[in-house]
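Colleague: make a model of this:
(one chain, ligands or ions: 2)
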Amino acid sequence: MTIEHTELIKIRKPLTDDQLLFAANVLRNGGLVAFPTETVYGLGANAYDEAAVAAIFEAKGRPSDNPLIVHVPSPDKIEALTTGSLDQAKMLMSAYSPGPLTVVLRRSKLVPDIVTAGLDTVAIRIPAHDTALRLLKLADVPVAAPSANRSGRPSPTRAAHVYEDLAGLIPCIIDDGACSYGLESTVLDLTGKKPVILRPGAVTADQIEAVIGIRPILAAGLTDDEQTPRAPGMKYRHYAPNANVLIAYGDKSEDRARQINKLVAECLHEANQTQISGNIRIGLFSSRKTREMIRIDNIPSVNFAASTDVKGLNHSDKLEIIFFDYASEPRADAAASELFFALREFDEIGVDMIIAEALPEDGMGLAYMNRLTKAAGGGEAPKHRAGGKT
Ligand code: TXA
Ligand code: MG
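Modeller: Ligands and ions are numbered 1, 2, ... in the order given. I've put the predicted structure just below:
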């Protein structure tokens, strides 16, 4: 389905209900609205309206067996959507909601099959974002919302990304600037014997354990048998940019810089072997500290020191390295908030290859490495499902 006009609502501060009434009415009338949250932009529809939810899958090109998160403005709205015990959910929500935590609970009959892909569970989140909360309150219906990207594109962290992917396919986008976390919420399944983190995010296993006294299992650590019914979204390759993504591992900045060096040299060697003509373009995503340690001695014409901008371009006859410094120091929260943005930028520029700096897998680093590994093709996508994306 195409739409004649996509309304772009630019939020002015202080935020008034007037600014959001149009969007709330679109939702109430069965239309789709892309809205900001603290994690990424979401593509919302009234969760009780099956036709509206079906339109989400169509606009995104999303496989219908991948369930959606239902967004509500306050904990009192959860009861109607669920059955079974809410004890752990309530404890976690009073600690971390509104916030980047999604809990999977047993669903009530009110939640249509299309939202949960036929599962008997439902994922619920209260976003910590003033505009999102105001919209949810005004719409006064639970809002099913996946990330507002076309399936297989990185999740949008700015309204412009949503516009790129979905203009002409949805009636309304609310523009309220950049998302602060830049990566999707932690998805925590509370329906099994033990809590399971299906997707790592800003709320960590330590934080969850501190509140409920039980350490959640990470989904990747489950056996296939345990995992199958629980983590439908995990089997798809996500966040894939056009260019191949390589990860530069290493404990310290020096080690990772050396690894970047090696990967660039290999890339050039391969280009020489296959006699590719013209420049090779490499997109480099790293901290400035790491980038400044790169010494490409065997590629003398590359000058990495030319620019101290956040983004810069260095030339040689053969090689262009387009660098994107996410911060001056290697820090997972900063890397996480810029990763999807950088992947989209590199796609737009049209790089041949992307090299990204690995970071320690603790705290937000676990979520960052999870998304980066998936972008590098390390998702769990079984071969026969290739092409399935969220
Ligand atoms: O931060 C976020 O969570 C963003 C913002 C918009 O809230 N939303 C988001 O939605 O990332 P989406 O659809 O892109 O990712 C939702 C993930 C998918 O991996 C899906 O499989 C999983 O949550 N999920 C949803 N419902 C589930 C359920 N009932 N059981 C297990 N996993 C579920
Ligand atoms: Mg998504």
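Colleague: for the closest residue to ligand 2 within the stretch 51-200 of the chain, which non-adjacent residue is spatially closest?
Modeller: Closest to ligand 2 within the stretch 51-200 of the chain is residue 147: 3.4 Å, counting by C-beta to the ion. In this view, the C-beta of every residue, glycine as well, is placed from N, C-alpha and C. Counting by C-beta to C-beta, 6 or more residues apart in numbering, the nearest residue to residue 147 once its immediate chain neighbours are dropped is residue 155, at 3.9 Å.
Colleague: quick one, phi/psi of that neighbour?
Modeller: In terms of degrees, to the nearest 10, the main-chain angles of residue 155 are phi -60, psi 140.
Colleague: what about it, how many neighbours?
Modeller: By other C-beta atoms under 10 Å, the residues close to residue 155 number 26.
Colleague: how far does the helix ranked longest in the chain sit from its chain's centre?
Modeller: Ranked by residue count, the top helix of the chain under DSSP state H comes out as helix 253-273. For helix 253-273, the separation from the chain centroid amounts to 28 Å (computed by C-alpha atoms, centre = their mean, to the nearest Å).
Colleague: what residues sit buried inside stretch 119-133?
Modeller: Using 16 or more other C-beta atoms under 10 Å as the test for burial, stretch 119-133 gives 119, 121-133.
Colleague: show me which pair in the residues you listed is furthest apart.
Modeller: Taking C-beta to C-beta as the measure, the buried residues of stretch 119-133 span a maximum distance of 31.2 Å, between 119 and 130.
Colleague: turn the buried residues of stretch 119-133 into a markdown table, including pLDDT, secondary structure and distance to ligand 1.
Modeller: Compiled in a markdown table, those are given as follows (pLDDT from 0 to 100; DSSP: H, G, I helix; E, B strand; the rest coil; distance: C-beta to the nearest ligand atom, whole Å):
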| residue | pLDDT | secondary structure | distance to ligand 1 |
| --- | --- | --- | --- |
| 119 | 96 | coil | 5 |
| 121 | 97 | strand | 4 |
| 122 | 98 | strand | 5 |
| 123 | 98 | strand | 3 |
| 124 | 98 | strand | 9 |
| 125 | 98 | strand | 5 |
| 126 | 98 | coil | 10 |
| 127 | 98 | coil | 6 |
| 128 | 98 | coil | 10 |
| 129 | 98 | coil | 9 |
| 130 | 98 | helix | 15 |
| 131 | 98 | helix | 13 |
| 132 | 98 | helix | 8 |
| 133 | 98 | helix | 12 |
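Colleague: now the nearest residue to residue 106 once chain neighbours are set aside, what's its secondary structure?
Modeller: Distances taken as C-beta to C-beta, 6+ apart place residue 84 nearest to residue 106, at 4.0 Å, with adjacent residues excluded. Here residue 84 takes the coil state, with states given by DSSP: H, G, I helix; E, B strand; the rest coil.
Colleague: enumerate every residue touching residue 84.
Modeller: Applying C-beta atoms under 8 Å, 6 or more residues apart in numbering to residue 84 gives the contacts 105, 106, 191.
Colleague: considering the residues you listed, which possesses the most neighbours?
Modeller: residue 105 (22 neighbours).
Colleague: which residues sit in contact with that one?
Modeller: By C-beta under 8 Å, 6+ apart, the neighbours of residue 105 are 78, 81, 82, 84, 86, 89, 121, 122, 124, 190, 191.
Colleague: that one: helix or strand, and which one exactly?
Modeller: According to DSSP states H and E, residue 105 maps onto strand 101-106.
Colleague: can you tell me the strand partners of that strand and which way each runs?
Modeller: strand 121-125 (antiparallel), strand 186-189 (parallel) (DSSP bridges).
Colleague: could you export the next helix or strand after it as CSV, CA atoms only?
Modeller: The helix or strand immediately downstream of strand 101-106 is helix 113-116, counting by DSSP H and E. The C-alpha coordinates for helix 113-116 follow below in CSV (Å, rounded to 0.1, in the frame of the first residue of the first chain):
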residue,chain,number,x,y,z
ASP,A,113,-2.7,-13.2,17.4
ILE,A,114,-1.1,-11.0,14.8
VAL,A,115,0.7,-9.0,17.5
THR,A,116,2.3,-12.0,19.1
